[in-house]
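Enquirer: Could you work out the structure for the sequence below:
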Amino acid sequence: MKKLILLIGLFAGTLHAAPVNILMITVDDMSADSIGAFGAKLPDTTPNIDRLAKQSLRFAHAHMTVGNCMPGRNVMFSGLISHNNKVEGFYQVKNPGWPHMVDLMKNAGYFTGIRGKVSHSTPYQPYAWDANLDTLPDGSKAHYKDAESFGISTTDGIQKAKAAGKPFCLVVNVSDPHKPFWSKVKGGGEDPHVPSRIFKADEVPIPGFLFDDPEVRKELALYYSSVRRADDCVGKILEALDKSGEAKNTVVVFLSDHGMPLPFAKTQLYHHSTHSPWIVRWPGVTKAGAIDKRHMVSAVDMLPTLLDIAEAKHPKRLDGRSFLPLIKGQKRKGWGHVIKEYNENSGASRDPMRAIQSKKYLYIFNPWSNGERVFATATTGTVTYRRMAALAKSDPRLAKRLALYKYRVPEELYDVAADPDCLKNLIDSSGHQAALGRLRRQLERWMVKTNDPLLETFRRRDDAEFRESVVQTQEREAMARRAKRRKKK
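Expert: This next block holds a predicted model:
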C-alpha cells in the first residue's frame, strides 16, 4: 500500500512541474530588419540575437500597436488597446482601472523585476515591482548604455527571486539603439560604452523609406553601431541567465518596442514603424530555428500569452488574446491582421491615427490631416530630417516626401508585400478598392468592439469639417491635461 501511495505521489508530481520563469528582453527603437535573423542587409549587426533566434521560434509578422514607447509598452502589459488603457501619451495615469502584468504575475506567485524603461512601462510611478534593477547590488545607478551592467542586473534579479523562493518574471529593457547613438566623441570626451563593432558610413544600407546622402549615412552608421551595442547587452543578459542555471526552465521573449528613430519609422504607423522582431525560446516547447510565417501577432496579445505561460488568471477585460497555441506550433484561423493606433507624442502633441495591417496591405486613417496641420513626430531633430528639409528645396522627390512627412493625407493604403517602405499610396487606385473596402470594414468592427472614441469620425471620414472639429476638441483636452499637470508640479 505504501508503495502504491508513493507511486501515485510520484506520478502526480509529474503533472505539476515547477512554474516556468519568464525573461522578457526588449530593445529600444530597433527596426526588425536591422537584425540578421530578420533580414538585415548589413552583415554582423546582431550575433547574440541571431544565436538566440537559431535556438527559438521567430514570428515573421509581429507588430507593436504604435511606433512610440510608453503607449506601446502599456498596451503590451495591459492587454488593452491605448484608448482603453488610457495611456495614450507620455503622462501619468494614476487610476487606470486595469491590472498591470506586475499585479497579475505577483498574484500568481511570481517575483517581478525590471531594468530600464521603468517610467515608460507602467501607467504611473512608482509601481509595485518587487525589484527595480536599475540600482546595482553595490548601490550604484546602472548606466543605461553599459552592456556589462545588464548582465549584473539580470543576475541580481534571478538571485532575488531565488531568495524569495519564487519563479521570476523579469523585464530587461535595453536602451540602445534609442538616441543618443554611440559616438566617438560625447560631451567633449570618449564615449566609454564602446560597441563590440563599429560600422562605417560607406558600408551601411539605406532604408527604402529614406535617401542616400553622406550625412544620412553617417547617422545610420551611428545607429547600426548602437544596434551592435544593444546586441552586446543582450549577450550579457543571456550569459547571466545561462550562469544562473535557470535557462532550461525559463521562457525567453525578445522584441523591439518599435522601429528605428529616423523619419518614416518612429512615431508612425507605417510597416517599419511597428514591425517587431519577436523571438520566443521555451526549452522543450519551441523548436530551434522555427519561423511562424502564417499568423500575425500584436502587442495587445502579449499579456494574455504571458499569463497563459505562467498559468495565471486572466483579468476580466482584455482586447488581446493569447498566442500560446501558436508558440506550441498549432495553426489557428483568424490571425490575418493587426490593429494599430496612435494618439499623442512625447511632447503631448495630439495627432490621432488608426490603422489595420494584413500581410498584403496597410490602411491608415489620419483624421488630423487637414493640409495645414504639421505632424509632430519625434524624428524632426535628427540629422536625416534636417538633410531632407534642406535638400527638398531643390529636389522635387524629396520635396514630395517632406510634404507627406509633415502634412500626410486623410487616408493611406499600401501594398506592404510589394512595397514595405510605403512609398506608393494606393488609396485611389481602382485595382485595390475591394481590398480597401474589406480593411475599412474590419477596422470599423474593431472600433465598435473596443468602443473607440474615433468611431464616428471614421464613419464620417469624408466630412472634413467634422474630422477637424473632433481633432480640435482632442487638442483642447490635451492642452487642459498639460496645464493641469504643470499646475501640480
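Enquirer: what residues does stretch 181-197 touch?
Expert: The contact list for stretch 181-197 (Cβ atoms under 8 Å, 6 or more residues apart in numbering) reads 44, 143, 145-147, 176, 180, 198, 219, 222-223, 225-226, 228-229, 231-232. (C-beta placed from N, C-alpha, C; glycine too.)
Enquirer: Of those residues, which belong to helices?
Expert: Judged by DSSP state H, the contacts of stretch 181-197 include 147, 219, 222, 223, 225, 226, 228, 229, 231, 232 as members of helices.
Enquirer: Determine which two of those residues are furthest apart.
Expert: Greatest spatial distance in the ones in helices among the contacts of stretch 181-197: 147 and 219, 22.1 Å, computed using Cβ to Cβ.
Enquirer: picking that back up, using TSV, lay out the ones in helices among the contacts of stretch 181-197 together with neighbour count and pLDDT.
Expert: Shown next, in TSV, are the ones in helices among the contacts of stretch 181-197 (neighbours: other Cβ atoms under 10 Å; pLDDT from 0 to 100):
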residue	neighbour count	pLDDT
147	22	98
219	23	98
222	23	97
223	26	98
225	25	98
226	30	98
228	24	98
229	26	98
231	30	98
232	25	98
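Enquirer: Any chance of CSV for those, columns distance to residue 56?
Expert: Shown next, in CSV, are the ones in helices among the contacts of stretch 181-197 (distance: Cβ to Cβ, whole Å):
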residue, distance to residue 56
147, 21
219, 31
222, 29
223, 25
225, 25
226, 23
228, 20
229, 22
231, 15
232, 19
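Enquirer: what's the closest of those residues to residue 66?
Expert: Using Cβ to Cβ, residue 223 comes nearest to residue 66 of the ones in helices among the contacts of stretch 181-197, at 20.5 Å.
Enquirer: Pull up the gap between the closest one and residue 318, please.
Expert: To residue 318, residue 223 is 35 Å away according to Cβ to Cβ, to the nearest Å.
Enquirer: same thing with residue 424?
Expert: 36 Å.
Enquirer: For residue 438, which three-state class applies?
Expert: helix (DSSP: H, G, I helix; E, B strand; the rest coil).
Enquirer: Helices of the stretch 101-250 of the chain, start to end?
Expert: With DSSP state H, counting those that start in this stretch, the ranges of helices along the stretch 101-250 of the chain come out as 101-107, 147-164, 214-244.
Enquirer: no, scratch that, I was asking about the stretch 301-450 of the chain
Expert: 302-309, 324-327, 383-391, 396-407, 433-449.
Enquirer: need these in TSV with mean neighbour count and distance to residue 418, can you?
Expert: Below are the helices of the stretch 301-450 of the chain laid out as TSV (neighbours: other Cβ atoms under 10 Å; distance: least, Cβ to Cβ, whole Å):
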stretch	mean neighbour count	distance to residue 418
helix 302-309	22	29
helix 324-327	19	26
helix 383-391	18	24
helix 396-407	15	19
helix 433-449	15	13
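Enquirer: As JSON lines, those with distance to residue 69 would be great.
Expert: Listed next are these as JSON lines, based on distance: least, Cβ to Cβ, whole Å:
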{"stretch": "helix 302-309", "distance to residue 69": "15"}
{"stretch": "helix 324-327", "distance to residue 69": "25"}
{"stretch": "helix 383-391", "distance to residue 69": "19"}
{"stretch": "helix 396-407", "distance to residue 69": "20"}
{"stretch": "helix 433-449", "distance to residue 69": "23"}
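Enquirer: Any idea which of the ones you listed gets closest to residue 78?
Expert: That would be helix 302-309 among the helices of the stretch 301-450 of the chain, by Cβ to Cβ, at 6.4 Å.
Enquirer: Summarise which helices and strands the closest one is packed against.
Expert: Applying 3 or more Cβ pairs under 8 Å, 6 or more residues apart in numbering; DSSP states H and E, we find helix 302-309 packed against strand 21-27, helix 69-78, helix 101-107, helix 324-327.
Enquirer: okay, the ones you listed, which one's buried deepest?
Expert: Among the helices and strands packed on helix 302-309, helix 69-78 has the highest mean neighbour count (mean count of other Cβ atoms under 10 Å), at a mean of 26.
Enquirer: Tell me the first helix or strand C-terminal of that helix.
Expert: As assigned by DSSP states H and E, the chain's next helix or strand after helix 69-78 is helix 82-85.
Enquirer: before we move on, the earlier item: more crowded one of residue 424 and residue 318?
Expert: Each of residue 424 and residue 318 has its neighbours counted (other Cβ atoms under 10 Å); residue 318 has more, 18 against 11.
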